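A.B. asks: How does the following fold in three dimensions:
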Amino acid sequence: MYRGSPGDRLERFCKVLVILMLVKSLFGYLQTYMTEYLEQKVVSRIRGSVFRHVQRLPLSFFDNARTGHIISRLTNDVTLLHGVIIGVSASVVRNLLMTMIALAIILAVSWKLTLLTFVVIPINAWLVGMIGKRLRRRSHRAQEGMADMTANLEETITGTRVVKAFNMMEYEDRRFEGLNLRYMMQNIKMKLWGALSSPTSEALGTISFVIILWFGGRLAISGAVPPENLVMFVGAMLFLITPVKELSKLNNVVQQSIAAGQRVFSLMDQTPEPIDAPGREARFEKEIVFDNVGFEYVPDTPVLSGVSFRVRPGEVVAVVGPSGAGKTTMVDLIPRFYEPTSGRITIDGVDTRDLQLGSLRSLMGIVTQETILFNDTILNNVAYGDPTPDRQRVVTAATMANAHRFVETMAAGYDTVIGDRGVQLSGGQRQRLAIARALLRDPEILLFDEATSALDTESELLVQQAIDRLLEGRTTFVIAHRLSTIQNADKIMVLENGHLCELGTHEELMRNEGVYRRLYNLQFGLAGHAG
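C.D. replies: Below is the predicted model:
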C-alpha cells in the first residue's frame, strides 16, 4: 500500500476512490431498481388479483355498483398501495433497529432518564396517532371523491351521443366541475393533515428532549448522574430523534395506503361466483325444467313467482309480456347469473346449483339486446376469446349471419378495428356480428334477446334471416319484443307481474281471450294506426 513514490500512492488512492464511488453508485442504482421492481411487481399482482376477482363477482354486485367506482379502485387505489409495500416496510425496519439501539444505550446509561423517556414518548405517539386517524379519514374521502369523478367521466364519455343530442355539454361541464372541486378540497384537507404530522412530531420531540435534558441536568448537578453519562444520554437521544422523525413522516404514507387498502379489500371481500367449485358436468339431452321457481332482487318484493314449465331439446320458446314482467330475469336464471329464491331449475333432472358452473355456461350462447362489441378487429370480435381464431370458420359464421358482405366492403376486411363498442358500425351490422359470434360458438342452448324494432326494413330483414339460421336446431329461449317474429315458436310463454299466465302456440293463445291476444292486437293495432 505504501510502496512507490508519493505520486504513485496518490494515483492508487485516486483509482481506489473512483472505484469505490462507482461501486457505491452501482449498488445504489441496483437498490433503487430492485425496490421499484418489487413494488411494481407486487402492485401488478394485486391489481391482477382484484381484476380477476371482479370478473368473477355475480351480476347482483354490478346491479348496485357504479362502474367508475370499480375502475377507481383498480387504478387509483391500488396505485396508492405502491409506496407502502416495499419502501415503507424497509424504512420501518431500518428506523426501528436504530430506535432499539438508541434505547439500549440510554437504558444502560440511566434508568431514571429512560423511565422519563418512556413516560414522555407514548404521549407524543398518541398525539401523532390522532393526526394519523384524521389523515386516514381525509384520505378515504379524497379517494371516494376520485371514484365519483371517475364514475362521472365514464358515464359522460360512454353517453357522449346523448349529451350532444340534448346539447347538455354545459350541464355536464358544471356537474364535472362540482365533483372536481369537491375532490380538490378533499385532497387539500388531506394534504393539510399530512403536513401537520411532521412539524407536530418535531415540536413534541423537541419539548420532550428539553424536559429530559432539564431533568438530566438537575441529576448531573446533584451528582446522581455522572456528567459524561449525561452527555452520552443526550447523544443517544439526538441519535433517536432521526428515526422517530422518519417514522412520523412514513405515517402519512401508511395512513393513505391503509385508506386505499380498505377500499380495495372491501371489494375483495365480496363473495364471487363459484366458477371453479366442484360439481357435476352439465349435459343436456332430455329437458330443462322450471319447478315452481321464484326470485327476488329485494327481500319480500318478488319479481318471479311460481313459474313452472319444461322445454325439450330443439324447441324454440318465446318469452313475451309487458315491460317489467320478469322476462329477462327468468332467462338470466338459466345460466345462473342469479340463483332462484325458491323452487329449482333442472337440466336432465339435475338441479343447476349442483352443476359445475363453467360447464353449465359452456352449453349456452347468449345474444343480448344491447350488442356488446370490443375495440378490436372484426375477426377477434366474432372469435371472442380464441387467441388463434380459424379465419375460415369466422367467415362461415359471418356469412350465415348475413355479415360477410358488409365486412368485405370495409378497408381492412376482417382485420378492421371497429372502435369502442363497435361505434363504426350500424345497429344492424353490430347485431349481425353478435349473431355470428354466437353461431361460431355453436351452443346447445341459446338465450336470445330479440330486438329488431330499432332497425330499418332492410337491416331488419337481414337480421331476421340471420336469427332464423341461428335458431335452427337449437334449444332457444327468445325474449320477444315484436310478436310478429315469434309466431312459429314451438312454445310461447306469457309473463305478467312475475307469473306465467299463459303457455302455448301462437294459434292456441290467439284463441284465448288472454294477455297474449291483448298484446298482439294492441301491437298490430298501433302498427296499423301508424301506417
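
A.B. asks: Can you pull up the most central residue in this structure?
C.D. replies: residue 70 (4.2 Å; Cα atoms, centre = their mean).

A.B. asks: Once you drop chain neighbours, what's closest to that residue?
C.D. replies: residue 54 (6.2 Å; Cβ to Cβ, 6 or more residues apart in numbering). (Glycine included, C-beta is placed from N, CA and C.)

A.B. asks: For the helix or strand hosting the one you found, what does the pLDDT average out to?
C.D. replies: According to DSSP states H and E, residue 54 maps onto helix 6-55. What helix 6-55 shows for mean pLDDT is 82.

A.B. asks: Following the chain onward from it, which element is next?
C.D. replies: Following helix 6-55 in sequence order, the next helix or strand is helix 59-64 (DSSP H and E).

A.B. asks: Mind listing what's buried along that next one?
C.D. replies: residue 61 (16 or more other Cβ atoms under 10 Å).

A.B. asks: and the helix or strand following it, which residues are buried?
C.D. replies: Beyond helix 59-64 in the direction of the C-terminus, DSSP H and E gives the next helix or strand as helix 67-72. Across helix 67-72, burial judged by 16+ other Cβ under 10 Å covers 68, 69, 70, 71, 72.

A.B. asks: Who are the packing partners of helix 67-72?
C.D. replies: Contact partners of helix 67-72 among helices and strands, from 3 or more Cβ pairs under 8 Å, 6 or more residues apart in numbering; DSSP states H and E: helix 111-158.

A.B. asks: how far is the helix it packs on from where the chain is centred?
C.D. replies: 25 Å (Cα atoms, centre = their mean, to the nearest Å).

A.B. asks: elements contacting it?
C.D. replies: Judged by 3+ Cβ pairs under 8 Å, 6+ apart, helix 111-158 is in contact with helix 67-72, helix 87-109, helix 169-222, helix 227-268.

A.B. asks: what's the average pLDDT for the third one?
C.D. replies: What that stands for is helix 169-222. 78.

A.B. asks: Kindly check the end-to-end length of stretch 484-492 for me.
C.D. replies: 12 Å (Cα to Cα, to the nearest Å).

A.B. asks: So which bits of it are buried?
C.D. replies: Going by 16+ other Cβ under 10 Å, stretch 484-492 has these buried residues: 485, 486, 489, 491, 492.

A.B. asks: same check, this time on stretch 277-288
C.D. replies: 279, 282, 284, 288.

A.B. asks: and the two most separated of those residues?
C.D. replies: Using Cβ to Cβ, the two most remote members of those are 279 and 288, lying 17.0 Å apart.

A.B. asks: thinking again about what came up before, which ones among the buried residues of stretch 277-288 map onto strands?
C.D. replies: Using DSSP state E, residue 288 are the members of those that sit in strands.

A.B. asks: Single out whichever of the buried residues of stretch 277-288 has the smallest pLDDT.
C.D. replies: Lowest confidence among those: residue 279, with 84.

A.B. asks: What distance do you get for that residue to residue 408?
C.D. replies: According to Cβ to Cβ, to the nearest Å, residue 279 stands 44 Å off from residue 408.

A.B. asks: And residue 420, by the same measure?
C.D. replies: 23 Å.

A.B. asks: Does anything pack onto the helix holding residue 54? Which helices or strands?
C.D. replies: helix 78-80, helix 82-85, helix 87-109, helix 227-268.

A.B. asks: ok, of the ones you listed, where does mean pLDDT dip lowest?
C.D. replies: Minimum mean pLDDT among the helices and strands packed on helix 6-55: helix 82-85, a mean of 65.

A.B. asks: Excluding chain neighbours, give the residue nearest to residue 380 in space.
C.D. replies: Using Cβ to Cβ, 6+ apart, the nearest residue to residue 380 is residue 389, at 6.9 Å.

A.B. asks: So what does that neighbour look like in phi/psi?
C.D. replies: Per-residue torsions, residue 389: phi -70, psi 140 (degrees, to the nearest 10).

A.B. asks: Let the chain start at 393 from now.
C.D. replies: Will do, 393 is the new start, and the previous item becomes residue 781.

A.B. asks: mind checking pLDDT for it?
C.D. replies: For residue 781, the predicted pLDDT is 86.

A.B. asks: Number of residues surrounding it?
C.D. replies: For residue 781, the count of nearby residues is 17 (other Cβ atoms under 10 Å).

A.B. asks: before we move on, back to that, for residue 702, state which of the buried residues of helix 459-464 is nearest.
C.D. replies: residue 462 (38.7 Å).

A.B. asks: Wait, that closest one touches residue 656, no?
C.D. replies: No. Judged on Cβ atoms under 8 Å, residue 462 makes no contact with residue 656 at a distance of 10.9 Å.

A.B. asks: can you list residues touching both of these two?
C.D. replies: Common contact partners of residue 462 and residue 656 (Cβ atoms under 8 Å, 6 or more residues apart in numbering): none.

A.B. asks: Where does the nearest residue to residue 451 once chain neighbours are set aside sit: helix, strand or coil?
C.D. replies: Nearest non-adjacent residue to residue 451, counting by Cβ to Cβ, 6+ apart: residue 729, 4.7 Å away. Secondary structure, DSSP: H, G, I helix; E, B strand; the rest coil: residue 729 is coil.

A.B. asks: One more: residue 715?
C.D. replies: coil.

A.B. asks: Relative to residue 418, how far out is it?
C.D. replies: Counting by Cβ to Cβ - residue 715 and residue 418 are separated by 70 Å.

A.B. asks: Equivalent analysis for residue 905, please.
C.D. replies: For residue 905, the distance to residue 418 equals 90 Å [Cβ to Cβ].

A.B. asks: neighbour-wise, which of those two wins?
C.D. replies: Taking other Cβ under 10 Å, residue 905 and residue 418 do not tie; residue 418 has more neighbours (10 against 7).

A.B. asks: How about the contacts made by residue 530?
C.D. replies: So residue 530 contacts 578, 581, 582, 585 (Cβ under 8 Å, 6+ apart).

A.B. asks: Please tell me how far it sits from residue 686.
C.D. replies: 46 Å.

A.B. asks: For residue 466, list the residues it contacts.
C.D. replies: Contact analysis of residue 466 by Cβ under 8 Å, 6+ apart lists 439, 442, 443, 446.

A.B. asks: Farthest pair within those residues?
C.D. replies: The farthest-apart pair in the contacts of residue 466, when distances are taken by Cβ to Cβ, is 439 and 446, at 10.6 Å.

A.B. asks: shaky segments in the stretch 793-923 of the chain?
C.D. replies: Where the stretch 793-923 of the chain drops to pLDDT under 70, the residues are 842-852, 917-923.
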